[in-house]
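*Asks:* the following comprises the amino acid sequence and a computationally predicted model.
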2 protein chains.
Amino acid sequence: MKIGELARRSGRSTHTLRYYERIGLLPPPRRDGSGQRDYDASILVWLAFLERLRATGMPIREMLDYAALRARGVETAQTRCNLLEAHRERVREHMCLLQASLEVLDTKIEGYHATLHEETSRI
Amino acid sequence: MKIGELARRSGRSTHTLRYYERIGLLPPPRRDGSGQRDYDASILVWLAFLERLRATGMPIREMLDYAALRARGVETAQTRCNLLEAHRERVREHMCLLQASLEVLDTKIEGYHATLHEETSRI
DNA sequence: GCTTGACCTGGAGTGCGCTCCAGGCCGTAA
DNA sequence: TTACGGCCTGGAGCGCACTCCAGGTCAAGC
């Protein structure tokens, strides 16, 4: 699979894919006769996983740590697992904060509705 | 209240408070005899509200829109309410995405646990 | 043969939200 | 009186995660 197709199928731009490779988040793929990248379909799984990490706010620096551990093989499984568990905990905390802020927002909006209703009925 | 105290009480740095003022997110406070900012305690309420917007991921640009509407007075209440409601909807969507990603993370971690357990019991 | 479009590289640029710096003023306490 | 801490300004710098550019190669279709 060439970079354009991978971009389409993974939802990234070709720019981003090359950038990820440059910083070490994607393994360098093999190249075809004319030097163009030729990806294995399995890379889509890795990209999908990275997207979950990204969506939950993990900084790239930390993804790099994870990727480096992964490259060192099975003996780092425990460390990777710990890393993911720590991240999960942060995500949970973030969601709690969002939930609390959402409630404040609800209250604020409710206040606007009350005021606006008063305005209307006063006319 | 001087800027240092406001920083302490609002959880921002003095740098950030001056920055917010510069971009129009905080109204310019009065100054004391020697030109130092002298804040009214009521500004804490506004800062706390901004913090909720920030925590839920509203870009500063949009906070500025809100602040500008607010400055125009009561006739913009409906528009401000709409703005907050649209934002609330985005936050809800974001939370759904986080929830889904959290579940993927759980599955992944579960997989690590299974593998690690297998490793252990094979020894 | 020529055009088109996808690909290549190294490096510069972007937008966001701060964060810090230099150089200076002011009021209080030792 | 001098040292200190906190304040002032305009403007530069930073970290992040991309995003784009110039200038080039290459394969396929007309």
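*Replies:* Done, it's in.
*Asks:* which one is residue A:79 nearest to, not counting chain neighbours?
*Replies:* residue A:69 (5.6 Å; CB to CB, 6 or more residues apart in numbering or on different chains). The way it works is simple: take the backbone N, C-alpha and C, and place the C-beta from them, glycine included.
*Asks:* which helices and strands sit right next to the host helix or strand of residue A:116?
*Replies:* Using DSSP states H and E, residue A:116 sits within helix A:77-122. Secondary-structure packing of helix A:77-122 (3 or more CB pairs under 8 Å, 6 or more residues apart in numbering or on different chains; DSSP states H and E): helix A:60-71, helix B:43-55, helix B:77-122.
*Asks:* among the ones you listed, which comes closest to DNA strand D?
*Replies:* helix A:60-71 (3.2 Å; CB to the nearest atom of the strand).
*Asks:* returning to what we had before: touching DNA strand D at all, the helix holding residue A:116?
*Replies:* No - remark: helix A:77-122 sits outside contact range of DNA strand D, by CB under 7 Å from any atom of the strand, the gap being at least 12.6 Å.
*Asks:* and that helix with helix B:77-122, angle?
*Replies:* 160 degrees (axes from the mean of the first three to the mean of the last three CA atoms, to 10 degrees).
*Asks:* now do the end-to-end distance for stretch A:60-80.
*Replies:* One end of stretch A:60-80 sits 15 Å from the other (CA to CA, to the nearest Å).
*Asks:* what does that stretch contact?
*Replies:* A:23-25, A:27, A:50, A:53-54, A:83-84, A:87, B:112, B:115-116, B:119 (CB atoms under 8 Å, 6 or more residues apart in numbering or on different chains).
*Asks:* can you check stretch A:104-120 too?
*Replies:* For stretch A:104-120, the surrounding residues in contact (CB under 8 Å, 6+ apart) are B:49, B:52, B:56, B:77, B:78, B:80, B:81, B:84, B:85, B:87, B:88, B:91.
*Asks:* for residue A:102, give its distance to residue A:115.
*Replies:* 20 Å (CB to CB, to the nearest Å).
*Asks:* tell me the mean pLDDT over stretch A:71-90?
*Replies:* Summarised as a single mean, pLDDT over stretch A:71-90 is 96.
*Asks:* tell me the contacts of the residue of chain A found nearest DNA strand C?
*Replies:* Proximity of chain A to DNA strand C (CB to the nearest atom of the strand) peaks at residue A:4, 2.4 Å away. By CB under 8 Å, 6+ apart, the residues touching residue A:4 are residue A:14.
*Asks:* check the secondary structure at the closest residue to residue A:20 other than its chain neighbours for me.
*Replies:* Distances taken as CB to CB, 6+ apart place residue A:26 nearest to residue A:20, at 4.4 Å, with adjacent residues excluded. Classification of residue A:26 using DSSP: H, G, I helix; E, B strand; the rest coil returns coil.
*Asks:* what's the burial count for residue A:26?
*Replies:* 22 (other CB atoms under 10 Å in any protein chain shown).
*Asks:* ok, it - contacts?
*Replies:* A:17, A:20, A:43, A:46, A:47.
*Asks:* ok, residue A:102 and residue A:115, which is more surrounded?
*Replies:* residue A:102 (19 against 14).
*Asks:* ok so, going back, neighbour-wise, give me the winner out of the contacts of residue A:26.
*Replies:* Busiest of the contacts of residue A:26 [other CB under 10 Å] is residue A:17, holding 22 neighbours.
*Asks:* now the strand or helix carrying it, how far from the centre of its chain.
*Replies:* Secondary-structure assignment from DSSP H and E places residue A:17 in helix A:14-23. On the basis of CA atoms, centre = their mean, to the nearest Å, helix A:14-23 is displaced by 15 Å from the centre of the chain it belongs to.
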